[in-house]
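**Q** okay, predicted coordinates and the sequence, questions at the end:
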Amino acid sequence: MKNIIQNINKAFDHRIRLGIMSVLMVNESADFSTLKELLGVTDGNLASHAKALESEAYIVVEKQFIGRKPNTSYIATKEGKKAFQDHINALEKLISNT
Amino acid sequence: MEASKYLKDIQDIKEMMSKSTQFISLSGLSGVLAGIYALLGAVYVNFLINSHQYTYITLESKTFKLILLTAFIVLILSVGTAYLLTVKKAKKLGEHVWNPASKRVLINFAIPLITGGIFSILLIRQGHYGLIAPITLLFYGLACLNASKYTLRDVRYLGITQIILGLIAVEFSGYGLWFWVLGFGIAHILYGSIMYYKYDRK
């Protein structure tokens, strides 16, 4: 049991961070407004949680201009995908053990 | 208590994964209406063919132009209805009509469909009229199948049905109109109703 708990990743222990990673697992990239709409969160909230994932190197941020509008999009890194997969596996094990 | 939190996490993950890749606001009712337009169009085309004085319908004849016009009107009406009803359903579900998922549906639907359209026009130019009905059904089926990855599952079965009908239609080249009735008419009404009862009626 102890081993499984170790695999539960604190970085994903929040609904918004969990949501961001879920979207980025199945999409090549997602831009800020798409994520905001999907998760139903405010700008500041999304930005701070994205920053947290970025500092863990689980996602990378790409800023570019589309015409004159700045556009921020997020991409999950290899490590991020691996960490998230481990997290899901740990969750599944925890549930099946109870 | 902990376990139920983890279960909720897994459910959230699943929901986010499908919500971000699938466009769920596709209206079932629009499928039913498209089927009805197709049936009405077919009735009119059948009338045109029966009232045609000559055995053969040539490309230059008025009858052929009217048939083409009918097909075009059915197409425009179907696409228009699908768009309006989908916008309405998206509003109800709080989903944006123009999101990455719907764009993926559209692009993946359009590529096989436009390929089929161009192919049909080339076939008409070469004089292979008998293959038009099967080809349009086949490519429409492939378009549905391709787009179904990004939308409601039922579109996949609609696509497979059209493909099977298209293949059978190759063997019955004189009965193209009836295969269109089955594919664009009956199949749309059938799958549209299934989708309507499964997702829309709430």
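**A** All right, it came through fine. Numbers count the residues shown, from 1 in each chain, chains lettered A, B, ... in the order given.
**Q** which stretch of helix or strand covers whatever residue of chain B ends up closest to chain A?
**A** Using Cβ to the nearest Cβ, residue B:16 is the residue of chain B that sits closest to chain A, at 3.6 Å. All C-beta spots, glycine's among them, are computed from the backbone N, C-alpha and C. If you go by DSSP states H and E, residue B:16 is part of helix B:2-21.
**Q** from the chain's centre, how far out does the following helix or strand past that helix sit?
**A** The C-terminal neighbour of helix B:2-21 among helices and strands, as given by DSSP H and E, is helix B:28-50. Chain-centre distance of helix B:28-50: 13 Å, with Cα atoms, centre = their mean, to the nearest Å.
**Q** restrict helix B:28-50 to CA atoms and write it as CSV.
**A** Only the C-alpha atoms of helix B:28-50 are listed here, as CSV (Å, rounded to 0.1, in the frame of the first residue of the first chain):
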residue,chain,number,x,y,z
GLY,B,28,-29.7,13.9,-34.1
LEU,B,29,-32.8,15.7,-35.2
SER,B,30,-30.9,17.3,-38.1
GLY,B,31,-30.1,13.8,-39.3
VAL,B,32,-33.8,12.9,-39.3
LEU,B,33,-34.7,16.1,-41.2
ALA,B,34,-31.9,15.5,-43.7
GLY,B,35,-33.3,12.0,-44.3
ILE,B,36,-36.8,13.5,-44.9
TYR,B,37,-35.4,16.1,-47.4
ALA,B,38,-33.7,13.3,-49.2
LEU,B,39,-36.9,11.2,-49.4
LEU,B,40,-38.9,14.2,-50.7
GLY,B,41,-36.1,14.9,-53.2
ALA,B,42,-36.2,11.3,-54.4
VAL,B,43,-40.0,11.4,-54.8
TYR,B,44,-39.6,14.4,-57.1
VAL,B,45,-36.7,12.9,-59.0
ASN,B,46,-38.7,9.7,-59.5
PHE,B,47,-41.5,11.8,-60.9
LEU,B,48,-39.1,13.6,-63.2
ILE,B,49,-37.7,10.3,-64.5
ASN,B,50,-41.2,8.8,-65.1
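**Q** that helix packs against which elements?
**A** helix B:62-93, helix B:176-180, helix B:188-195 (3 or more Cβ pairs under 8 Å, 6 or more residues apart in numbering or on different chains; DSSP states H and E).
**Q** for the helix or strand bottoming out on mean pLDDT in chain B, packing partners?
**A** None of the helices or strands of chain B scores lower by mean pLDDT, DSSP states H and E than helix B:2-21, at a mean of 85. Judged by 3+ Cβ pairs under 8 Å, 6+ apart, the packing partners of helix B:2-21 are helix A:15-26, helix A:32-39, helix A:78-97, helix B:100-126.
**Q** can you tell me the closest non-neighbouring residue to the residue of chain A at minimum distance from chain B?
**A** In chain A, the residue that lies nearest chain B is residue A:22 (3.6 Å; Cβ to the nearest Cβ). Nearest non-adjacent residue to residue A:22, counting by Cβ to Cβ, 6 or more residues apart in numbering or on different chains: residue B:16, 3.6 Å away.
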